[in-house]
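> model this:
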Amino acid sequence: MGARIEHLVTSGTFSLDGGTWAVENNVWIVGDDAECVVIDAAHDADAILAAVGSRKLLGILCTHAHDDHIGAVGEVLAARDAPVFLHPRDAMLWDSMYPDAPPHPLADGQRIAVAGLELEVLHTPGHSPGAVCFYAPALGASGTLFSGDTLFHGGPGATGRSFSDFPTIVESITSKLLTLPAETVVLTGHGESTTIGNEAGHLEEWIARGH
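Now for the predicted structure:
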């Protein structure tokens, strides 16, 4: 069987700037029957490990280092030997949770191979300085983008907290994401999926509304 996408929804909390909020996260697993990668190990290590099963875990790919997206990394790695990948501009967030476990660096344009396809790293700062998306044009009928918290159904990710910036996220989305084919499916870090074309039509509304 070729590469496929598996989806978990995990529940926990997100803490930053002195506040804590209950959240549900999307965890995406890309692979085949032999190997896979996990995109954002959020909250529930047991559920993630069960979904990975006996397959070779090639890595945990982090869209960014907010604690709700990396909270289960330590427990997953305690059970399975695998590298973790994160853009270095999110090191200050990562180090607040895992100061003794530096991740492998991600870079814009880097390609990560799994199950016969490639995921391209798109550096999309704004929600956090090191936020990235993973683009797989050969995955699914129309290509797939794993957008983390950069782009949601309904607009950009939040930019009201430390290390975030609204003009920066709009520039990232405009230059890196809205240039992808309109039919590209966008699998988000929270909530429902969307497409590039669906979100492109609302760009002026986002800018007028601001964050």
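> where exactly do the strands run in the chain?
Assigned by DSSP state E, the chain shows strands spanning 4-16, 19-31, 35-39, 56-61, 84-86, 104-105, 111-114, 117-123, 132-136, 144-148, 151-152, 155-156, 185-188, 194-195.
> Minimum distance to Trp206: which of those strands has it?
Nearest to Trp206 among these is strand 155-156 (4.8 Å), distances taken as Cβ to Cβ. For the C-beta atoms, the positions are set from N, CA and C on the backbone; glycine is no exception.
> hang on, the earlier thing: tell me which of the strands of the chain lies nearest to Phe166.
The nearest among these, by Cβ to Cβ, is strand 155-156 at 7.4 Å.
> and the strands of the chain as CSV, adding mean pLDDT and distance to Trp206?
Formatted as CSV, the strands of the chain follow (pLDDT from 0 to 100; distance: least, Cβ to Cβ, whole Å):
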stretch, mean pLDDT, distance to Trp206
strand 4-16, 98, 22
strand 19-31, 98, 21
strand 35-39, 98, 24
strand 56-61, 98, 26
strand 84-86, 98, 26
strand 104-105, 98, 30
strand 111-114, 98, 29
strand 117-123, 98, 18
strand 132-136, 99, 17
strand 144-148, 98, 14
strand 151-152, 98, 10
strand 155-156, 95, 5
strand 185-188, 98, 15
strand 194-195, 97, 13
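> For those strands, give me CSV that also has distance to Trp94 and mean neighbour count.
CSV is the format used below for the strands of the chain (distance: least, Cβ to Cβ, whole Å; neighbours: other Cβ atoms under 10 Å):
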stretch, distance to Trp94, mean neighbour count
strand 4-16, 13, 15
strand 19-31, 17, 18
strand 35-39, 16, 24
strand 56-61, 12, 21
strand 84-86, 6, 23
strand 104-105, 11, 12
strand 111-114, 18, 16
strand 117-123, 16, 19
strand 132-136, 13, 26
strand 144-148, 14, 28
strand 151-152, 22, 24
strand 155-156, 22, 22
strand 185-188, 21, 22
strand 194-195, 28, 19
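> okay, those strands in JSON lines with distance to Gly210 next?
Compiled in JSON lines, the strands of the chain are given as follows (distance: least, Cβ to Cβ, whole Å):
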{"stretch": "strand 4-16", "distance to Gly210": "20"}
{"stretch": "strand 19-31", "distance to Gly210": "21"}
{"stretch": "strand 35-39", "distance to Gly210": "29"}
{"stretch": "strand 56-61", "distance to Gly210": "30"}
{"stretch": "strand 84-86", "distance to Gly210": "28"}
{"stretch": "strand 104-105", "distance to Gly210": "32"}
{"stretch": "strand 111-114", "distance to Gly210": "34"}
{"stretch": "strand 117-123", "distance to Gly210": "23"}
{"stretch": "strand 132-136", "distance to Gly210": "22"}
{"stretch": "strand 144-148", "distance to Gly210": "20"}
{"stretch": "strand 151-152", "distance to Gly210": "16"}
{"stretch": "strand 155-156", "distance to Gly210": "10"}
{"stretch": "strand 185-188", "distance to Gly210": "20"}
{"stretch": "strand 194-195", "distance to Gly210": "20"}
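> Any idea which of those gets closest to Asp46?
Nearest of these (Cβ to Cβ): strand 4-16, 9.8 Å.
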